[in-house]
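Student: When you get a sec, could you give me coordinates for this:
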Amino acid sequence: MFCTACGKQTPDGSTFCLHCGNNINAPSISSQPSLVVNPPAKQSSSGWKAFGILVLLVGVGVALILVFIVGRIVYESSQSRSSYNPSSPSQVLTSRHSIVNSTFHVGARQYVYYSFTAPSSAHVIGNFRASGGRNDIEVVIFDADGFENFRNGHRASRVYYKSSGYVTTDTIDKNIPAGTYYIVFNNGDAILTNKTVAASIDIEY
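Tutor: Numbering: from 1, shown residues only. Next up is the predicted model:
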C-alpha cells in the first residue's frame, strides 16, 4: 500500500506511514471544493410599488383635470343663462334709430315729410315744436297707402298718429306694426306764414 500523504510504499496493515508518520487509516479529505447552492433570491417588489404609485398619481391628475373642465362648463352655462333672460323687460335688447333730428322750415301751403321703415313691431317716440306765425303745425304719421291718399288730396284713413289739429308742440309715443311709414309736418292751412319746426323723433324695435 502507498501513503496517501507522501506516496511512498508502506507495508500492508500499517496504521502509520513509516516515512512521514501520516495516519493511513484516517479518511481522506477531498480536495475538490464543495458546491454551495444559494437559495433563489426573492424578487424585489419595490419596482412594482413605484410603478403602482406612478399610475395612481397619473389617474388622480386626470380625474382632477376632468372635474375642473366639467365644473367650468357647468359654471359658464349657468352664467350665460342668468345673464340673459328674455322674459325680463329690462333685459330685452332694442335698437333705436333716428327718424328726424333737426330744425327745418315748412313753407305756407306746403308740407315736409320723412319716410322710415319698421322691420318688425316698433315704437315711435319723440317730440316737436313749431314757431312762426301762430306757432303751429299739424303732424301726422301715415302708412304707405295713407300717405298716397294724402298727397293726392284724398281722405287718408291709414293714420297711426295725428296731432290734435295745429299745435305748437306735442310728444309722439305710438306703437306701430311692421311696414313703411311717413311722418308729415303739414302747414297747408297757412296762407302766408312759413313755420320753423324743431323735431327729434326716433324709432325703437
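
Student: Return stretch 95-108 as PDB; C-alpha atoms alone will do.
Tutor: Output of stretch 95-108 as PDB, limited to C-alpha atoms (Å, rounded to 0.1, in the frame of the first residue of the first chain):
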ATOM      1  CA  SER A  95     -82.300  99.100 -31.400                       C
ATOM      2  CA  ARG A  96     -83.100 102.800 -31.600                       C
ATOM      3  CA  HIS A  97     -82.800 104.800 -34.800                       C
ATOM      4  CA  SER A  98     -83.400 108.400 -35.600                       C
ATOM      5  CA  ILE A  99     -86.300 109.400 -38.000                       C
ATOM      6  CA  VAL A 100     -85.600 113.100 -37.800                       C
ATOM      7  CA  ASN A 101     -83.400 115.100 -35.500                       C
ATOM      8  CA  SER A 102     -83.100 118.600 -37.000                       C
ATOM      9  CA  THR A 103     -84.700 122.100 -37.400                       C
ATOM     10  CA  PHE A 104     -86.300 122.800 -40.700                       C
ATOM     11  CA  HIS A 105     -88.700 125.200 -42.500                       C
ATOM     12  CA  VAL A 106     -92.200 124.400 -43.800                       C
ATOM     13  CA  GLY A 107     -93.500 126.900 -46.300                       C
ATOM     14  CA  ALA A 108     -97.100 128.200 -46.400                       C
END
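
Student: Residues touching it, excluding its own?
Tutor: Outside stretch 95-108, the residues that touch it by Cβ atoms under 8 Å, 6 or more residues apart in numbering are 112, 114, 116, 124, 126, 137, 183, 185-187, 190-205. Just so you know, the C-beta spots here come from the backbone N, C-alpha and C atoms, and that holds for glycine as well.

Student: Just give me how far that stretch sits from the chain centre.
Tutor: Remark: stretch 95-108 is offset 41 Å from the chain centroid, using Cα atoms, centre = their mean, to the nearest Å.

Student: What of stretch 188-199?
Tutor: For stretch 188-199, the separation from the chain centroid amounts to 55 Å (computed by Cα atoms, centre = their mean).

Student: which residues touch it?
Tutor: Residues from elsewhere that reach stretch 188-199, judged by Cβ under 8 Å, 6+ apart: 100-112, 126-138, 166, 185, 187.

Student: can we see that at 10 Å?
Tutor: With Cβ atoms under 10 Å, 6 or more residues apart in numbering as the test, stretch 188-199 has contacts from 99-112, 114, 126-139, 165-166, 169, 172, 183, 185-187.

Student: among those residues, which ones are buried?
Tutor: With burial judged by 16 or more other Cβ atoms under 10 Å, the buried subset of the contacts of stretch 188-199 is 99-100, 106, 111-112, 114, 126, 128-130, 132-133, 136-139, 166, 172, 183, 185-187.
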